[in-house]
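J.: Output the structure for:
(one chain, ligands or ions: 1)
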Amino acid sequence: MKWTQKSQEKYNQDLKDKIVELKKKRKAVILAHNYQRPEVQDIADIKGDSLALSRAAAETDSNVIVVCGVRFMAESASILNPDKKVILPVIEAGCPLADMVNVDKINELKRRFPGAPVVCYVNSSAEAKAASDICCTSSNAVNVVKSLSARRVIFLPDKNLGLYVASEIPEKEIICWEGFCPSHVRLSREDLLQVKRLHPRAKILVHPECYPDVLKLADGVCSTKQMFDYVASSDCREFIIGTEKGIIYGLSKKYPDKKFYLASERLLCADMKLTTLGWVVHALEFMKYEVKVPKNIRIKAQKALDRMLEVR
Ligand code: CIZ
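T.: Prediction:
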């Protein structure tokens, strides 16, 4: 049989039907990050950034939570829902940025800067969260740091996000960890300028994990959720998007009368693309792979996540 686009569509539809059936049987809820493959976004009950997914995980009454994303997202869902089964369809789906943190070094920084609270971006391991005072996402990082009374703050693991927060709150001193997102740092000023030359009327929206010189060219520095909000409230019809390419599908689907141009084809997170419909079927069929955080780490990490969820 020749494999055509039609056979691919039929194959995907069969998998989607199977997912609907298994989801009912397992009483599961499916969460998907904005960077997931289009067909995986299509089968999600809740789609969003990690903050939306954390909140949804905390509010769901389903007993099984399938997280189509990467490991730290499943860990957060498990921390907030210790009595539920949290399933990550591809156990190898990780986050290189999260892997750049080690707890000994966090403790060393705490000793070096006594009294400085540790703010931990949710793109981090449960252990890093447990060693921190409060979490943040790219949507609420500025508000989280503003909510702290201390003038000096330790921020980890993404240095560019920390620098962005520092630029928004100059009265604070931010001690930044030297971490970075390998996908976002691939976007250069030249990439943006080139796409802007092709689409001069388009607004530029970039993620705060990009380098500061890239942020300077932006009309909006936005988390993925904030990109959706920006587009919703803008009269502009064209946008250059500087974040992982998966978001283009969600934006184009939600705003079919607007145009979205990816700022660079290098904005690709391989880990986010590991989850396929086939793996979601496997996950629901065999309840694999369960992610559970040991109690001693969970309790401390939950405190940091709960503190973040209290900041509006
Ligand atoms: O916080 C997240 O979910 C990430 C990784 C990106 C974003 O801005 O949504």
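J.: Next, the buried residues of the helix or strand harbouring residue 278.
T.: Taking DSSP states H and E as the criterion, residue 278 maps to helix 277-286. For helix 277-286, burial by neighbour count (16 or more other CB atoms under 10 Å) applies to 277, 279, 280, 281, 282, 283, 284. The way it works is simple: take the backbone N, C-alpha and C, and place the C-beta from them, glycine included.
J.: Can you tell me which of those residues lies closest to residue 63?
T.: Nearest to residue 63 among the buried residues of helix 277-286 is residue 284, at 12.7 Å by CB to CB.
J.: Could you check how far that closest one is from residue 45?
T.: Going from residue 284 to residue 45 by CB to CB, to the nearest Å gives 13 Å.
J.: Who are the contact partners of the residue nearest to residue 277 when sequence neighbours are not counted?
T.: Of all residues not flanking residue 277 in the chain, residue 15 sits nearest, at 3.9 Å (CB to CB, 6 or more residues apart in numbering). Taking CB atoms under 8 Å, 6 or more residues apart in numbering, we find residue 15 in contact with 277, 278, 280, 281.
J.: Name the nearest of those residues relative to residue 21.
T.: Residue 21 lies nearest to residue 281 out of these, by CB to CB, at 9.7 Å.
J.: Identify the residues contacting the closest one.
T.: Counting by CB under 8 Å, 6+ apart, residue 281 touches 15, 18, 19, 22.
J.: Run the chain-centre distance for the lowest-mean-pLDDT helix or strand in the chain.
T.: For the chain, scoring each helix and strand by mean pLDDT, DSSP states H and E identifies helix 50-59 as the least confident one, at a mean of 82. From the chain centre to the centre of helix 50-59 is a distance of 11 Å (CA atoms, centre = their mean, to the nearest Å).
J.: What lies in contact with it?
T.: With CB under 8 Å, 6+ apart as the contact definition, helix 50-59 has outside contacts at 29, 31, 33, 46, 48, 65, 67, 69, 72-73, 76-77, 80-81, 86, 122-123, 137, 139-140, 223, 225, 305, 309.
J.: buried stuff in it?
T.: Within helix 50-59, the residues scored as buried using 16+ other CB under 10 Å are 50, 51, 52, 53, 54, 56, 57.
J.: Pull up the pairing partners for the next helix or strand after it, direction included.
T.: Downstream of helix 50-59, the next assigned helix or strand under DSSP H and E is strand 64-68. Strand pairing for strand 64-68, determined by DSSP bridges: strand 28-33 (parallel), strand 85-87 (parallel).
J.: Need the contact partners of the first one.
T.: The one in question is strand 28-33. Here strand 28-33 makes contact (CB under 8 Å, 6+ apart) with 19, 22-23, 40-41, 43-50, 53, 56-57, 60, 62-70, 73, 77, 87, 246, 272, 280, 284.
J.: So what's the gap between it and the chain middle?
T.: Relative to its parent chain, strand 28-33 has a centroid offset of 14 Å by CA atoms, centre = their mean.
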